[in-house]
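Colleague: How does the following fold in three dimensions:
(chains A and B)
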Amino acid sequence: MITYIIRRLIGAVIMLVIVSIVTFAIFFLVPRLVGATPESMASRYAGRTATAETQHLIAQRLGFYDPMPVQYGRFVKGLVVGAEYDTGTSVEKCPAPCFGYSYLTQQPVWPDLVDRSRVTFSLGVGAAVIWVIAGVATGVISALRRRSFFDRAAMGIALAGVSMPVFFTGMISLVFFSYYLGWTVPGGTYVDFTVDPFQWAYSLILPWVTLAFLFAAGYARLTRAGMLETMNEDYIRTARAKGLPERTVVVKHGLRAALTPIVTIFGLDFGLLLGGAVLTESTFSLNGLGKYAIEAIVSNDLPKVMGVTLLTAVFVVIANLIVDLLYAVVDPRVRLA
Amino acid sequence: MTAPLDVSGSAPETPPESVLEGAGGKSITGRSLGQIAWSRLKRDKVAMAGAGIVILLILMAIFAPAIVGLLGHPPQRFHEDLTDPNTGVPIGAFGGMSWDFLFGLEPRNGRDLFSRVVYGARISLLIAFLATLVSVVIGTLMGVVAGYFGGWVDTLIGRTMDIFLAFPLLVFAIALVGAIPDTAFGLTGDSLRIALLVFIIGFFNWPYIGRIIRGQTLSLREREFVDAARSLGARWPHIIFRELLPNLMAPILIYATLLIPSNILFESALSFLGVGVRPPTPTWGGMLADAVRFFTLPHFAIFPGMAIFITVLSFNLFGDGLRDAFDPRTR
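Modeller: Model (predicted):
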């Protein structure tokens, strides 16, 4: 068990290193390979009107002339312990984790990321609670009452759910529930949890349900397939033959085994979601990480895009790590391995 | 003395089937897995309906100019005279729906929604099919190689897949599409955008197929026929291409069919966010993005939205049916 955890931890750290290399390569190395010069990269900070001399100065200050491994080392150092930039008149400190400065506003990216992740977290956690409960419960009932009316209806709705783009369902529900019925707030409303928890939930209920519907549909289909498979296993017959109550057989023997693949996928889905629900946030005009990334891409503000990408990858790695540890709880075979 | 297993000398004069042949009037022949699956699939009405709609949609995309010539107006033609000059709202009930404009008109410039939806099928299906092809080729190759060789090859490919799955693909795809200039790789305009989208969607989706194929290969590798081929001196290219791949055709076919709808959704998402094929070429996602500004006119959103929904649903129904036909346990 201890070796298993240590192995997983080392694996997660290696993943993070690789992810940081890949991200650095895409945003700093690839532009250079395609033909960007240190000056042209520095001009992004200086603005289009800057003279060649200013560009050269900025490129030098940001270390764009150094060899690539040195630049990568500085990039990682900035993430871990922070960085210092000499602006000419004074020394600017970018505290750890330093994700760099925006091309447009010259402000550090990290405080923005922290700020935006509040919205994305609120959206993701609420939706995840709804979709896991709804999806898994529907899948289990469908599998137990296979070919019943409930099963057919639920699987029909689930199939429709995975077949609709979230921006379409979001738009329709926004028009219907907010514009025509007036039950929910219009898009773009967000009240922070610390301000008013009730208003927080009220402002997010529509995005939650819309996003959760999409995922719940997929999870219901997965859970049903998994349950059908495990409920045919020999150990289920053994459990029944022992005279265990049906409830125990279903929950402790059937569902527990069927949950393993679902936990894996949940880790991935949830990690990616925390990095920004791009489509949902755009549809409901929520100022989360996803919308931040889109805005940054439109204005060609690469440090922001890089920040979101890297942060998302970190979330996924952490979520996967937690999933691996949960495995040890859900699946006894892991503990023995 | 004859060995008990040596039947060459005492083979029966008539094969046992002939007895049954006389009784049932029908000869018994061996059926391949594909034939069994096909007979199951034929009986699955829902899956066949999905397949029927898919074929209709493909025909619609191919014959879009003819259909639009017959029932609509050219997709780029403006009909500003048919919209209210002040609000941009089409004149007439339900967004100007009539026999002349089956799905009504676009607000403001009054383009024919019907012909734009019909033409939108071309972009969606073309990109989804080609991107799926890219994913399937990369995914199958990587999956088979990882599963067959195992060891450090498997670890390397497996880790690569993990990294792909850990990245925010949508943000990445958007950043990449947005960063490419209007002219690159000797292509311009729509053909450049289509090539770019096919490559990006296809390239980012291969780990899904790769994982499945790897798993299937792991179990196939241990089967007797692979041992037999190896003991006859077959080298790995022969085993992979002649022994393993034919046996992997079923999962490849199933997951390719199920990948097409998710690629259609991916393409429509990119178009919705404004990084797909550029306007004025009609795309379903792009039409939905336009509809956001006119959300009080639901017809504008419903037709492209339903087009995506029906297309994706039909592919999913057919893909599910296909999977059940090959493996009916989880029905």
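Colleague: What residue spans form the domains of chain A?
Modeller: A:1-98, A:110-334 (the TED database).
Colleague: got the residues of the stretch 201-331 of chain B near chain A?
Modeller: Counting by CB under 8 Å from any CB of the partner chain, the residues of the stretch 201-331 of chain B close to chain A are B:261, B:265, B:268-269, B:272-275, B:285, B:288, B:291-292, B:295-296, B:298, B:301-302, B:305, B:308-309, B:312-313, B:316-317, B:320, B:329-330. Any C-beta I mention is one placed from the backbone N, CA and C, and that applies to glycine too.
Colleague: From those, keep the buried residues only.
Modeller: B:261, B:265, B:268-269, B:272-275, B:285, B:288, B:291-292, B:295, B:298, B:301-302, B:305, B:308-309, B:312-313, B:316-317, B:320, B:330 (16 or more other CB atoms under 10 Å in any protein chain shown).
Colleague: hmm, back to that, and of the domains of chain A, who's closest to chain B?
Modeller: domain A:110-334 (4.0 Å; CB to the nearest CB).
Colleague: how distant is the closest one from the center of its chain?
Modeller: 11 Å (CA atoms, centre = their mean, to the nearest Å).
Colleague: That domain near chain B anywhere?
Modeller: Yes: residues of domain A:110-334 contacting chain B under CB under 8 Å from any CB: A:159-160, A:162-165, A:167-168, A:171-172, A:174-175, A:179, A:225, A:228-229, A:232, A:268, A:271-272, A:275-276, A:278-279, A:282-283, A:290, A:293-294, A:297-298, A:300, A:305, A:308-309, A:312-313, A:316-317, A:320.
Colleague: Strands of the chain, start to end?
Modeller: Chain wasn't specified; assuming chain A. A:83-86, A:91-94 (DSSP state E).
Colleague: wrong one, chain B
Modeller: Going by DSSP E, chain B shows strands at B:183-184, B:187-188.
Colleague: Considering these, which stretch scores lowest in mean pLDDT?
Modeller: Mean pLDDT values for the strands of chain B show the minimum at strand B:183-184, a mean of 63.
Colleague: Ignoring the adjacent residues along the chain, who's closest to residue A:16?
Modeller: Distances taken as CB to CB, 6 or more residues apart in numbering or on different chains place residue A:317 nearest to residue A:16, at 5.6 Å, with adjacent residues excluded.
Colleague: hang on, isn't that neighbour packed against residue B:166?
Modeller: Yes: between residue A:317 and residue B:166 there is a contact at 6.2 Å, judged by CB atoms under 8 Å.
Colleague: which residues do these two both contact?
Modeller: A:15, A:19, A:271 (CB atoms under 8 Å, 6 or more residues apart in numbering or on different chains).
Colleague: Enumerate every residue touching residue B:138.
Modeller: By CB under 8 Å, 6+ apart, the neighbours of residue B:138 are B:202, B:203, B:206, B:210.
Colleague: Mind picking the one among these that's closest to chain A?
Modeller: residue B:203 (13.4 Å).
Colleague: Tell me which residues touch the closest residue to that closest one other than its chain neighbours, please.
Modeller: Distances taken as CB to CB, 6+ apart place residue B:134 nearest to residue B:203, at 6.5 Å, with adjacent residues excluded. Residue B:134 makes contacts with B:198, B:199, B:201, B:202, B:203, B:206, as judged by CB under 8 Å, 6+ apart.
Colleague: Mind checking which of those residues land in helices?
Modeller: Counted as lying in helices by DSSP state H, out of those, are B:198, B:199, B:201, B:202, B:203, B:206.
Colleague: Got a PyMOL select line for the buried ones in the residues you listed?
Modeller: The buried residues among the ones in helices among the contacts of residue B:134 can be selected in PyMOL (16+ other CB under 10 Å) with this line:
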select buried, chain B and resi 198+201+202+203+206
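Colleague: Include distance to residue B:245 and pLDDT when you put the ones in helices among the contacts of residue B:134 into CSV, please.
Modeller: Listed next are the ones in helices among the contacts of residue B:134 as CSV, based on distance: CB to CB, whole Å; pLDDT from 0 to 100:
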residue, distance to residue B:245, pLDDT
B:198, 23, 90
B:199, 24, 87
B:201, 24, 87
B:202, 19, 89
B:203, 21, 85
B:206, 16, 88
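Colleague: So which bits of the longest helix along chain A are buried?
Modeller: The longest helix of chain A (DSSP H) is helix A:109-144. Burial within helix A:109-144, assessed by neighbour count using 16+ other CB under 10 Å, is assigned to A:109-110, A:112-113, A:116-124, A:126-128, A:130-132, A:134-136, A:138-144.
Colleague: Quick check: which helices or strands does that helix pack against?
Modeller: Helices and strands touching helix A:109-144, by 3 or more CB pairs under 8 Å, 6 or more residues apart in numbering or on different chains; DSSP states H and E, are helix A:149-162, helix A:197-230, helix A:256-274, helix A:278-283, helix A:289-298, helix A:302-330.
Colleague: rerun that using 6 Å as the cut-off
Modeller: helix A:149-162, helix A:197-230, helix A:256-274, helix A:289-298, helix A:302-330 (3 or more CB pairs under 6 Å, 6 or more residues apart in numbering or on different chains; DSSP states H and E).
Colleague: winner for burial among those helices?
Modeller: Using mean count of other CB atoms under 10 Å in any protein chain shown, the stretch among the helices and strands packed on helix A:109-144 with the largest mean neighbour count is helix A:289-298, at a mean of 24.
Colleague: contacts for it?
Modeller: A:116-117, A:120, A:276-278, A:281-282, A:304-305, A:308, B:171, B:174-175, B:178 (CB atoms under 6 Å, 6 or more residues apart in numbering or on different chains).
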